[in-house]
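**Q** Give the three-dimensional model of this entry:
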Amino acid sequence: MRLEITCDDRLGIAQDVLQILRDHEIDLRGIEVDPKGKIFLNFPELEFEDFQHLMPEIRRIPNVKDVKTISIMPSEREHFEFKLLLNKLPDPVLTVDSRGVIDIANEAAQLVFSDHCTPLSGTSISQWLTGFSVVRWLEKQPEEPTTQQISAGGSKYFADILPTWVRDNDGTSQFAGAVITCKPQPLVQQWQRGGHHDAFKQILGEHSSMKKLLKEAARMAELNVPLLIQGETGVGKELMARACHQASSRSAKPFLAINCAALPDNVAESELFGHGKGSLGPYTEGKKGIFEQANGGTVLLDAVGEMSNGLQAKLLRFIQDGRFRRIGEEQEVTVDVRIICSTQDDLLERVEAGTFREDLFYRLNVLTLHIPPLRERKSDINLLADHFMVQSCQRLGRSMMLMTRAAREALQRYQWPGNVRQLENVLFRSISMAEGDTLNLADIHLPDSERLHENVAVDLEEGSLEEAVKKFEATILRRLYPSYPSTRQLAKKLGLSHTAVANKLREYGIGKSRRK
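**A** Numbers count the residues shown, from 1 in each chain. Sure, this is the predicted structure:
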């Protein structure tokens, strides 16, 4: 029998409940306390008379709101759901303790390793896996995962081994074992780590957000599905796309990029899909498009949100089956390319506004990387500044320069609406114009992005207070918009709703989509 007790938080209320059970000589099998104000009890079935007396006594405990019977404890439900989910996985999955003894094994593992003849739980992992000593690896209490080739059940697998650390209430961590997932031999290229990871060393960043981003990018680079890279101007979206290409199995094939916003619709279609001989004029030669030129490699569609609806429809069809027709030709061309898209703004906003196809959005938004702006990872500014200073001095052919503390502090305070690209350009200009071997604060020229106030007093002489407030409000939005080009980001910065900010931007004509 199981009970659910709903109550207000009060010190000692669980002791009062347990005292009633002791008075009735009830053998308690389990108790669980939910921090939301619920106590769950598990005890043997009671006769109706005993149960009839028990319930009112529990209800009379101060702060108890309700008592009712339930069919299953929360931990039992969680266990059953976890077991069901685990057994649905097609690959063998096991968990082992710190000594290498198997705790949990799903049905796939049981089938592959012992053919259901011997239960895996409670046995040593070394009894079933050969080729790599998991027990010795566990003795080192590792913190990083590893992928190793192993033999199990007469077959070769690649085992992805993830160490398990459990954090105590005092904040200390205890090593608890590992989770092992085995993948069959044909998936070796997807599960082997390393080799191509040097591709991401060109992307500098020590901030936790960048470390997490690069780790996600390294995993996504291996997958042969569309990738969407989001971020403000100058954060390094193309650099990230190139790194993902270099870290993939397509690295030996071409990487081609096209800016969808820089070309008219008819030119963009020809550049992407190509055209036949004489299709654009009597003397034009046939031309392969970027997708055909990059066959086997990767294509970056920069500013994909700027595509016209007609070109979006053709791109959607190409993504679905990998086929297209050149302009002026009837014969279909089939190619194999991975598509990476980049965008400054939130594509979902364009979908909501009706300027971007929803079906194409969900086709492109399979894997997503969001590169944080430089103002959100200011601890990387000094690292990037030192890199760009060395780079600039080499390009200019001058001796290495040092940057003063005041100059570094100015770089830290600045909001960098142009992000990493702006930082690079500012330092190159400053070094090229500086005299001597030291870069001082006076040598660094930053656009004044913090000038948010205008002469409201003068406006009050010529208009009403409401007009002055609106003018000042428009000034603030106009100054902040370059640093927060997404209405969602700007709304978060100002503490307003997304709808309110979108309406104000539209009212004051701020932003590319609002000026149309």
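**Q** Low-confidence ranges, the stretch 151-300 of the chain, go.
**A** Applying pLDDT under 70 to the stretch 151-300 of the chain picks out residues 153-156, 184-197, 281, 283.
**Q** Oops, could you answer that again for the chain instead?
**A** Scanning the chain for pLDDT under 70 picks out 115-117, 153-156, 184-197, 281, 283, 448-463, 482-485, 511-516.
**Q** how does it divide into domains?
**A** As assigned by automatic domain parsing, the chain contains the domains 2-76, 89-191, 198-370, 376-443, 456-508.
**Q** deepest of the ones you listed, which one?
**A** Mean neighbour count (mean count of other C-beta atoms under 10 Å) peaks for domain 198-370 among the domains of the chain, with a mean of 17. Every residue, glycine included, has its C-beta placed from N, CA and C.
**Q** Put together TSV for the domains of the chain, with distance to Phe82 on each row.
**A** Conversion of the domains of the chain to TSV gives the following (distance: least, C-beta to C-beta, whole Å):
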stretch	distance to Phe82
domain 2-76	10
domain 89-191	9
domain 198-370	24
domain 376-443	36
domain 456-508	35
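**Q** Among those domains, which comes closest to Lys83?
**A** domain 89-191 (8.3 Å; C-beta to C-beta).
**Q** so who does the nearest residue to Leu223 once chain neighbours are set aside touch?
**A** With C-beta to C-beta, 6 or more residues apart in numbering as the criterion, Leu223 has its nearest non-adjacent residue at 6.6 Å, and that residue is Leu367. By C-beta atoms under 8 Å, 6 or more residues apart in numbering, Leu367 lies in contact with 220, 223, 225-228.
**Q** Pick the one among the residues you listed closest to Leu383.
**A** Nearest to Leu383 among these: Met220, at 23.8 Å, using C-beta to C-beta.
**Q** which SS class is that closest one?
**A** Put simply, Met220 is helix when judged by DSSP: H, G, I helix; E, B strand; the rest coil.
**Q** Please name the bridge partners of the closest residue to it other than its chain neighbours.
**A** Among residues not flanking Met220 along the chain, Leu367 sits closest, at 4.8 Å (C-beta to C-beta, 6+ apart). Using DSSP bridges, the bridge partners assigned to Leu367 are Leu227.
**Q** related to what we said a few turns ago, among the contacts of Leu367, which pair sits farthest apart?
**A** The most widely separated members of the contacts of Leu367 are Leu223 and Leu228, with 12.8 Å between them, by C-beta to C-beta.
**Q** Of the contacts of Leu367, which is the nearest to Glu507?
**A** For the contacts of Leu367, the nearest to Glu507 is Leu228 (30.4 Å; C-beta to C-beta).
**Q** There's contact between the closest one and Asn365 in this structure, I believe.
**A** Yes - the criterion here is C-beta atoms under 8 Å, and Leu228 meets it with Asn365 at 5.3 Å.
**Q** Report the central residue of the chain.
**A** For the chain, Leu369 is the residue whose C-alpha lies nearest the centre (C-alpha atoms, centre = their mean; 5.4 Å).
**Q** Please report how far that one lies from Ile290.
**A** Per C-beta to C-beta, to the nearest Å, Leu369 is found 22 Å from Ile290.
**Q** Same question for Ile340.
**A** From Ile340 to Ile290 the distance is 13 Å (C-beta to C-beta).
**Q** joint contacts of the two?
**A** Val299.
**Q** Please enumerate the helices of the stretch 201-350 of the chain.
**A** 208-221, 237-246, 265-273, 290-293, 309-321, 347-353 (DSSP state H, counting those that start in this stretch).
**Q** Contacts only, for the residue nearest to Glu232 when sequence neighbours are not counted.
**A** Distances taken as C-beta to C-beta, 6+ apart place Pro373 nearest to Glu232, at 5.0 Å, with adjacent residues excluded. Each residue near Pro373 by C-beta under 8 Å, 6+ apart is listed here: 231-232, 235, 416, 419, 483.
**Q** Could you do Ser379 as well?
**A** 206-207.
**Q** gap between Gly131 and Ser151?
**A** For Gly131, the distance to Ser151 equals 5 Å [C-beta to C-beta].
**Q** quick revisit: okay if I get the helices of the stretch 201-350 of the chain as CSV plus distance to Leu439?
**A** Shown next, in CSV, are the helices of the stretch 201-350 of the chain (distance: least, C-beta to C-beta, whole Å):
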stretch, distance to Leu439
helix 208-221, 25
helix 237-246, 25
helix 265-273, 41
helix 290-293, 41
helix 309-321, 46
helix 347-353, 39
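**Q** Looking at these, which is nearest to Pro142?
**A** helix 208-221 (16.7 Å).
**Q** Mind giving me the packing neighbours of the closest one?
**A** Counting contacts by 3 or more C-beta pairs under 8 Å, 6 or more residues apart in numbering; DSSP states H and E, helix 208-221 packs against helix 237-246, strand 367-370.
**Q** got the ones you listed as CSV, with distance to Ile510 columns?
**A** Shown next, in CSV, are the helices and strands packed on helix 208-221 (distance: least, C-beta to C-beta, whole Å):
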stretch, distance to Ile510
helix 237-246, 23
strand 367-370, 23
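**Q** Can you say which of the ones you listed is nearest to Leu494?
**A** Among these, strand 367-370 comes nearest to Leu494, with 20.5 Å by C-beta to C-beta.
**Q** Report the distance from the closest one to the chain centre.
**A** Offset of strand 367-370 from its chain centre (C-alpha atoms, centre = their mean, to the nearest Å): 5 Å.
**Q** related to what we said a few turns ago, tell me who's in contact with the residue nearest to the centre of the chain.
**A** 213, 216-217, 220, 227-230, 240 are the contacts of Leu369 under C-beta under 8 Å, 6+ apart.
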